[in-house]
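Student: Just the structure for this:
(3 chains)
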Amino acid sequence: MTAPPTNSADQTPFVVRLDAFSGPLDLLLHLIREQEVDIYDIPIAAIADQFLEAIDALGLNEAADYLEMAAHLLRIKIQLLLPRPFDEEGWEDPRAELVRRLLEYEQVREVADWLAQQSSQHAGRFPRGWFADPPELPPRPITLSLAELLVAVEELVESLPEPVLHRVVPRPLDVEGATRRIEALLEERERLTLLDAIGEATSVADVLSVLIAVLELARLGRIRLAQRKTFGSVTIRREPDRTAV
Amino acid sequence: MNPIAQLFEAAFFAAAHPLSLEDLGRLAPDRPREELEAALEELRRHYEEHRHGFELVEVGEGFQLLTRRDLAETITEAHIVHRPRKLSRAALETLAVIAYRQPVSRADIEEIRGVSVEGVLRSLLDREVIAVVGRAEGLGRPLLYGTTPQLLELLGIRSLEELPRLEELSVALRMPTEAAELGET
Amino acid sequence: MNPIAQLFEAAFFAAAHPLSLEDLGRLAPDRPREELEAALEELRRHYEEHRHGFELVEVGEGFQLLTRRDLAETITEAHIVHRPRKLSRAALETLAVIAYRQPVSRADIEEIRGVSVEGVLRSLLDREVIAVVGRAEGLGRPLLYGTTPQLLELLGIRSLEELPRLEELSVALRMPTEAAELGET
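Tutor: Numbering: from 1, shown residues only, chains lettered A, B, ... in the order given. Alright, predicted model coming up:
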C-alpha cells in the first residue's frame, strides 16, 4: 500500500497525501481495507461518507474522477434504502457492479506491482550505451501506419483555435516598442542575433515589428548587420559611433 | 572465437536493439540454423567462462548483450550511466490494463482504472512501450492500443506469456462469468 | 578476467561516451594507477587473443570499445542494426497537413501548425514520403509539397482517395464549409 498511515489521534482520520492514490478506486480500496470490511458486503453508507470526507480533506473535490465516484456511491446508498420487492429473486444487489470493478482494479494493481518489480530488476542490466552515427547510410527506415497518421490529423484539428478558419486579426505593428527593446538590449550587450531581438515575440505582427525596427536602425546607421553565410544567423552590433548620433 | 561467433558479437555490439535469429541469419546466409545457434552458445559460454562484464540475454524478440546485474550499482554510482526513468504508478497500471486486454480503447482503460488516462497514454506512446494498433468498430471508431516489443525489452522478458497469469494473482474474481470475460478479452 | 577488468568492460559497454582514466578511477577508488592500466591492458590483450568482435580503442577523451572495423561493414550491409523508426509527433502532424492539403507551401503548413517546420520538412523529404511537386504563383514563388507513392506504400493504401475524408474523422470537423475553407487558405 502506498498510503501513509493515518493519524488516529486526529479527529479527521484521513491524513493522507493526494499523490498517494492513483484514482478513486485506489482510494476506495484503501478505505475498505482500513475498515477491514468484507469487499463482498461493503457498508456503503459508511464508506460513501468516508469517501466524501476523504476527497474533501485531500482537496480532491475538484477532480472529476473522484466526484464521479462519490456520486456513484451516493446513488448506490439510495438504492439500498429503497424497499426491496417481496420476493428477493428479482432483486439485484446495487453494489455488485462496484465490487466487480474493485476486484478487477485490484488485479490491475497487482499486475502493476509485478511490472514495477520486473522493470526495476531489469533496469540493472544496461545495454550498450554508445552508438556510432550510421556512416553514409540512407536514413533509418521509418514505420508509419494509417492509424498513426489519422491520430495526428485529429489532434491537429483539435488543436486549431476555433473556428478552424484562417482568421486575420488586425493587430498594429509596434515598431517603436521594438526599437526601444533592441536599443535596451544593445546597452547590455555588444552584439545580438536577430533571434535575440525577436525574443519571445509570438505573433507575426511582433516579428514584423522587430524586423522593421532592425532595418530602420540599420538605415539610420545606429546598428550594423552581418550575416556570415546564406541563411546563417544575422548578427546585430552597435555602430561604434553610436554615441555620437 | 570462431568467425561466425565473432561476427555475431560485433553485430550485438553495434545494434541498439535485440537481434533475432532471423537478423543473425542475414549476417551468415547459407549457414544452417544449428550453426547459428552453436555460435550463440559459444558466445554465451565464453562470456561466462572468461568472466566478462556483460552476458548474452534472450529478451523480447531476440538476443541482446547486457551488463551483468551485479555490476549495475558500481557503474551507476560512478556516474557512468543513468538508470532509465521509472514508470509512474499511473503508467504501470495503465500498462497492466493494456497488456491483458489489448487491443483496448482509451474508454475501456478509463473504465477499469476509474481515471482519465489521456496524459499517461501519451507518455507511454512516446516511450514506445505501447502503440496504436487499430480502430474499434462503432461510434467514433475509437483507437485501440496494444503493447510493443519494446515493452518486453523494458521488462526483460521474452514474451507476454511471461506476465503473471490472471489465475495466479492473489485476487481472484469470484463471479465466474465475469472472470472469464476478463480473461478472454 | 580479473574483477577490475570485468568492471571496466561493463562500464565501457554501458557508457554513452569514452571513459578517461579518471572515470575509471571512480569505478575502482583507492587502486593505484598501474592497476587500472594493467586492467586496460588485460582487456586489450584478451580481445585480441580471443578474436572478439570489438576492440579497445584509445580516442581523444579516453578509451572506448568499438566494433572491429573489418566487421562493421558486413554488419552495416546486412541492415540489421538500424531498426525502423517511428515518425515524431511533429513529423506526423506536418505529414497530415500535407496529405490533406497538397500541394501546399511551407508557409501554409506553418500557419496551420503554428511552428516552424523547416527541419521536419527536410527529414520528410529525406525519407521520401513527401516531395516538391511545384511552385506557387505569387511572391517568392514558394515551393509546394505533396505526398509520394512511397507514403501510400507505407500506409498500405492504393491511393489518396482511401484516406478518410476530413468529415469522417471524429471531432469538430462536421462543418463542411470550414473544412472546405481549410483547404483554401
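
Student: Below-threshold pLDDT in chain A: ranges please.
Tutor: A:1-19, A:60-62, A:85-90, A:131-143, A:156-173, A:200-205, A:227-233, A:240-245 (pLDDT under 70).

Student: Chain B too?
Tutor: B:171-185.

Student: residue boundaries of the strands in it?
Tutor: Listed in chain order, the strands of chain B (DSSP state E) span B:54-59, B:62-67, B:104-105, B:130-135, B:143-147.

Student: Relative to A:Tyr40, which of these is closest?
Tutor: When the strands of chain B are compared by CB to CB, strand B:104-105 sits nearest A:Tyr40, at 27.0 Å. Any C-beta I mention is one placed from the backbone N, CA and C, and that applies to glycine too.

Student: Deepest-packed of the strands of chain B, please.
Tutor: Comparing the strands of chain B by mean neighbour count (mean count of other CB atoms under 10 Å in any protein chain shown), strand B:62-67 ranks first with a mean of 24.

Student: That one to strand B:54-59, inter-axis angle?
Tutor: Inter-element angle recorded for strand B:62-67 and strand B:54-59: 150 degrees (by axes from the mean of the first three to the mean of the last three CA atoms, to 10 degrees).

Student: Quick one: classify A:Pro235 as helix, strand or coil.
Tutor: Quick fix: residue A:235 is Thr, not Pro. Under DSSP: H, G, I helix; E, B strand; the rest coil, A:Thr235 falls in the strand class.

Student: Secondary structure element holding the closest residue to it other than its chain neighbours?
Tutor: Nearest residue to A:Thr235, sequence neighbours excluded (CB to CB, 6 or more residues apart in numbering or on different chains): A:Ala226, at 4.7 Å. Using DSSP states H and E, A:Ala226 maps to strand A:223-227.

Student: Sheet partners, orientation included, of that strand?
Tutor: Counting by DSSP bridges, the strands paired with strand A:223-227 are strand A:234-238 (antiparallel).

Student: how about the CA coordinates for the strand holding A:Ala226, as CSV?
Tutor: Only the C-alpha atoms of strand A:223-227 are listed here, as CSV (Å, rounded to 0.1, in the frame of the first residue of the first chain):
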residue,chain,number,x,y,z
ILE,A,223,23.4,49.4,-35.8
ARG,A,224,25.4,47.2,-38.2
LEU,A,225,24.1,44.0,-39.5
ALA,A,226,26.2,41.0,-40.5
GLN,A,227,25.4,37.6,-41.9
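
Student: buried sites along it?
Tutor: Within strand A:223-227, the residues scored as buried using 16 or more other CB atoms under 10 Å in any protein chain shown are A:Ile223.

Student: ok, now stretch A:183-202?
Tutor: A:Leu186, A:Leu192, A:Leu194, A:Ala197, A:Ile198, A:Ala201.

Student: I'd like to check what contacts it. Which residues are they?
Tutor: A:178, A:181-182, A:206-207, A:209-210, A:213-214, A:217, A:222-223, A:233-238 (CB atoms under 8 Å, 6 or more residues apart in numbering or on different chains).

Student: Could you check how far the nearest residue in space to B:Glu153 that is not next to it in sequence is from B:Phe13?
Tutor: What sits nearest to B:Glu153 in space, not counting adjacent residues and going by CB to CB, 6+ apart, is B:Gly60, at 4.6 Å. According to CB to CB, to the nearest Å, B:Gly60 and B:Phe13 sit 18 Å apart.

Student: go on, B:Gly134?
Tutor: From B:Gly134 to B:Phe13 the distance is 36 Å (CB to CB).

Student: Next, the contact list for the residue in chain A positioned nearest to chain B, please.
Tutor: At 3.2 Å from chain B, A:His122 is the closest residue in chain A, using CB to the nearest CB. Neighbour list for A:His122: B:Leu154, B:Leu155, B:Gly156 [criterion: CB under 8 Å, 6+ apart].

Student: Tabulate those (JSON lines), appending neighbour count and distance to chain A.
Tutor: What follows is the contacts of A:His122, written out as JSON lines (neighbours: other CB atoms under 10 Å in any protein chain shown; distance: CB to the nearest CB, whole Å):
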{"residue": "B:Leu154", "neighbour count": "23", "distance to chain A": "5"}
{"residue": "B:Leu155", "neighbour count": "25", "distance to chain A": "5"}
{"residue": "B:Gly156", "neighbour count": "21", "distance to chain A": "3"}
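
Student: Pick the one among the residues you listed closest to C:Glu118.
Tutor: B:Leu154 (33.9 Å).
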